[in-house]
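In: Sequence plus the predicted model coming up.
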Amino acid sequence: MTIDKAIILSAGQGSRLLPLTRDIPKCLIEFNGRSLISWQVAALVANGIKDIVVVTGFRTERVEDHALQLYRDTGARIRTLFNPFFQVADNLGTCWIAREEMDRDFIILNGDTIISDEIVAKL
C-alpha cells in the first residue's frame with residue numbers, strides 16, 4: 001500500500017498558546033526557524049506524499065499564502081479548504097469539512113504536530 005495523500009487539520013487558533021497565536025494560526029508558529037506546517041510538508045514530501053490538503057479556519061489567508069510558498073518550494077500539490085465553523089467546532093468538525101478528500105488511504109495530522117521523515121516512512 002502506498003500512501004500519497006495527507007490532510008492537515010489547521011483550522012483552530014490555538015488559544016492555549018496565546019499570546020503566540022494572537023495574530024497567526026498555530027500551524028505557522030516557528031520552531032527552529034521554520035513554521036510547524038513547513039516541517040510537516042517537508043517530512044511528507046521526503047516520503048513521496050505530494051497531495052496535501054490543509055483545512056484552515058483562523059487567519060485562513062495567512063495559511064493560504066504560506067501554502068502557496070510551500071508549493072513553490074516543494075512542488076507538492078497543496079490545497080486548502082476553509083472550515084467556517086472553526087470557532088465553534090473541534091477537529092471532528094474540521095475532518096467533516098475534508099470528508100470528500102478521504103477518497104483513498106491518507107495520513108491525517110494535527111497542524112501543531114511535528115513529525116520526522118523517519119516517522120512518516122514507517123506509516
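Out: Perfect, thanks for sending it. None of the values given here were measured: they were computed from a predicted structure.
In: How about residues contacting the biggest helix by length in the chain?
Out: The helix that spans the most residues within the chain, counting by DSSP state H, is helix 60-74. Residues from elsewhere that reach helix 60-74 (CB atoms under 8 Å, 6 or more residues apart in numbering): 10, 24-25, 27-28, 35, 37-38, 41-42, 45, 50, 54, 56, 76-80, 82. Every C-beta, even on glycine, is put in place using the N, C-alpha and C of the backbone.
In: next one: stretch 4-12
Out: Stretch 4-12 has contacts (CB under 8 Å, 6+ apart) with 25-27, 37, 40, 44, 48-58, 63, 83, 86, 89, 91, 93-95, 97-98, 101-102, 104-111.
In: how about 7 Å then?
Out: Stretch 4-12 has contacts (CB atoms under 7 Å, 6 or more residues apart in numbering) with 25-27, 37, 40, 44, 48-58, 63, 83, 86, 91, 94-95, 98, 101, 104, 106-111.
In: related to what we said a few turns ago, ok, of the contacts of helix 60-74, which come out buried?
Out: Using 16 or more other CB atoms under 10 Å as the burial test, these include 10, 24-25, 27-28, 35, 37-38, 41-42, 45, 50, 54, 56, 76, 78, 80 as buried.
In: ok so, going back, buried set for the longest helix of the chain?
Out: By neighbour count, with 16+ other CB under 10 Å as the criterion, the buried positions of helix 60-74 are 60, 63, 66, 67, 70, 71, 74.
In: Where do the strands of this protein begin and end?
Out: Along the chain, the stretches classed as strands by DSSP state E are 5-10, 30-31, 34-35, 51-56, 77-82, 107-110.
In: Tally up the residues packed near residue 108, please.
Out: For residue 108, the count of nearby residues is 17 (other CB atoms under 10 Å).
In: I'm done for today, thanks for sticking with me.
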